[in-house]
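Engineer: pasting the sequence and the predicted model now:
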Amino acid sequence: MKENSGGPTDIIWEITYACPLRCSHCYSESGRRPSRHLKGERLLELTDALIALRPRNVVLAGGEPLVVKGVLDVARRFTDAGVRTALYTSGWNIDRAKAEAILTTFPRTAVSLDGTTAEVHNRIRGRDRSFDRAMNALRFLDEASRELTARDVAHGTFGIDCSVMRSNLGQLDEFCARIAPLFPAMRTLVFGLTVPGGLASREEFAEHELLDDEQVARLTGRERTRQLRSLAPAGLSVMVDDNMRLLMRPDDIAANGVPPVLQVEPDGDVRAMSSYLGTVANVLRDAPETIWERVAARCADPFVVETLGGVRTMGEWAAAARRLDLRFGSAADRARIAARTATDLLPAPSPARS
């Protein structure tokens, strides 16, 4: 396997597992488990430990990052160290004042919106009013962005991230033609295929919600992307992401080395592979070189190579994720996996026209 001794260029920090939503496809199962997020000086201590890894970019995700007291201070600390930060949020608790603070703190903010109607979005997100909250957040961000621009105040951009599954596949045109024009200051609209990790790796979800091979090929083809862009307002960047890099194919790793992205859990534990359970180190306890060595070792583990080597379809990817999670997950992880079918309902699919 090609060595990657430089360490991570990008870090995804799941800063908390606390979340007001109960999304059907949540890879971290946030809102269903202890939040584990640090507070006060410990939170800043972990921030400094991540800075010491010398990444170029850090994504603050979760859970819902905005429930963490001091999250803006964390972002400013990264900025002061020359690290670009991005915020991924459900928009649940964003008001007008917070929208301005977010834009003047984060270079990039993504609001998760998984449906163009309350019926679809709320069903996927598992909470009534989540659609209204997300739309309000986008409105506040849009207003704040235009006002900051008028005052010549430097600020970041915002956009929509949609996790594409069968329930919302038929709404992608509406995202471009009806939703996007509501927010003239918005700069990005990303359609990312739902990754079969966490709750999205369940057999039931894979059968009813993950896109099949034909749907994946059609959505990720150049013609479909061109069509979506033609429906969107001028100046809006519309992207379709198959997220296949998150599969971490053994052949790709052997040829190119470990992808330079580190997945960090709320308390500093490091996932060896972002889409699969199993931690190998802790940023607060282990030296950077030790962390990266352990990540590389897990990627090269014979069980991992055998499990991921033959994956060709979304269904096979989901089955592989289940095998890896049971093999490398903790006792608490395995208990949570055993309870998934009884506690997490699937959204009812909408007609898939795209």
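Structural biologist: Happy to help now that I have it.

Engineer: looking at this, residue 98 is in a helix?
Structural biologist: Yes. Looking at residue 98 with DSSP: H, G, I helix; E, B strand; the rest coil, it is inside a helix.

Engineer: ok, it - how many residues close by?
Structural biologist: Neighbours of residue 98 under the rule other CB atoms under 10 Å: 16. Placement of C-beta: from N, CA and C, glycine included.

Engineer: OK, contacts around the closest residue to residue 178 other than its chain neighbours?
Structural biologist: Leaving aside its sequence neighbours, residue 178 sits nearest to residue 116 (CB to CB, 6 or more residues apart in numbering; 6.4 Å). Counting by CB atoms under 8 Å, 6 or more residues apart in numbering, residue 116 touches 168, 171, 174-175, 178-179.

Engineer: just give me the closest of those residues to residue 203.
Structural biologist: Closest to residue 203 out of the contacts of residue 116 is residue 168 (20.8 Å), distances taken as CB to CB.

Engineer: what's the end-to-end length of stretch 214-230?
Structural biologist: 22 Å (CA to CA, to the nearest Å).

Engineer: residues in contact with it: which ones?
Structural biologist: 164, 166, 169, 172-173, 176, 191, 193, 211, 238-240, 242, 314, 352, 354.

Engineer: select the longest strand from the protein.
Structural biologist: Counting by DSSP state E, the longest strand found in the chain is strand 157-164.

Engineer: what about that strand, average pLDDT?
Structural biologist: Mean per-residue pLDDT for strand 157-164: 98.

Engineer: how about it as CSV, C-alpha atoms only?
Structural biologist: What follows is strand 157-164, C-alpha atoms only, in CSV (Å, rounded to 0.1, in the frame of the first residue of the first chain):
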residue,chain,number,x,y,z
THR,A,157,-21.2,31.7,1.7
PHE,A,158,-24.2,29.3,2.3
GLY,A,159,-25.9,26.6,0.4
ILE,A,160,-28.2,23.6,0.5
ASP,A,161,-27.0,20.0,0.9
CYS,A,162,-29.5,17.3,-0.1
SER,A,163,-29.0,13.7,0.7
VAL,A,164,-30.6,11.9,-2.3
